[in-house]
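Engineer: Sequence first, then the predicted structure, then my questions.
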Amino acid sequence: MTAMRRMLRDQRGFTLTELLVVTAVLAVVLGAVVLIQQKGQEAYIMGSNRVETQQNARVALELMTRELRSATAVTAIPSGTNMTFADQNGASVQYQVTSGTLTRTTAGATTTLIGGVQALALTYYSAWDGQTGTGTTTGTASAVRVIKIDLETRTEEGAGTGSFANQYAKMESMVRLRNL
């Protein structure tokens, strides 16, 4: 006990060497904490952008396939990046990509579905063999029976090229038109 009292009453301070060693150790620990926090934040941003990208593509693709399955006719094939068809009520519906935005137009009203669209490729088939995975392509709207949709999206807020936050998603779907 006397040794403890003696140590508590001791007026000696720390040496400069001890202070420098403690400062260096604290700097290393603080640097490691900051690095871990930065990497965690990067992982969070990358993950949330990946989810956003995949979810946008999934929602747009699901809406397009659902409407196409119940379409009564493909009315126009202006290009491989947009299409016009008649829905189950006979209304004309058009999907097209303009400046990275996928839009849906019906009855003169245009609705933005998703942004960040890199590519939309539509392939029209008059016949499709599910066994072999091959089909006969067509450019005639009335002959279309199956449509292959390829949709590629990226994060809507453009991150720098090569950035960890710049995520891409590519999805495809084959749609057999049921009401033809």
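Structural biologist: Yep, that arrived.

Engineer: Tell me where the model's unsure across this protein.
Structural biologist: Low-confidence segments of the chain (pLDDT under 70): 1, 8, 158-165.

Engineer: what residue is smack in the middle of this structure?
Structural biologist: Nearest to the mean C-alpha position of the chain, by C-alpha atoms, centre = their mean, lies T53 at 1.0 Å.

Engineer: which ones are touching that residue?
Structural biologist: 116, 153-155, 167-169 (C-beta atoms under 8 Å, 6 or more residues apart in numbering). For glycine as for every other residue, the C-beta is placed from the backbone atoms N, C-alpha and C.

Engineer: Give me the longest strand you can find in this protein.
Structural biologist: Across the chain, the longest stretch assigned as strand under DSSP state E is strand 117-129.

Engineer: Can you give the strand pairings for it, parallel or anti for each?
Structural biologist: Its sheet considered, strand 117-129 pairs with strand 134-137 (antiparallel), strand 146-154 (antiparallel) by DSSP bridges.

Engineer: Need the contact partners of it.
Structural biologist: Here strand 117-129 has contacts from 60, 74, 77, 80-83, 95, 97, 100-102, 134-140, 143-154, 168, 174, 176, using C-beta under 8 Å, 6+ apart.
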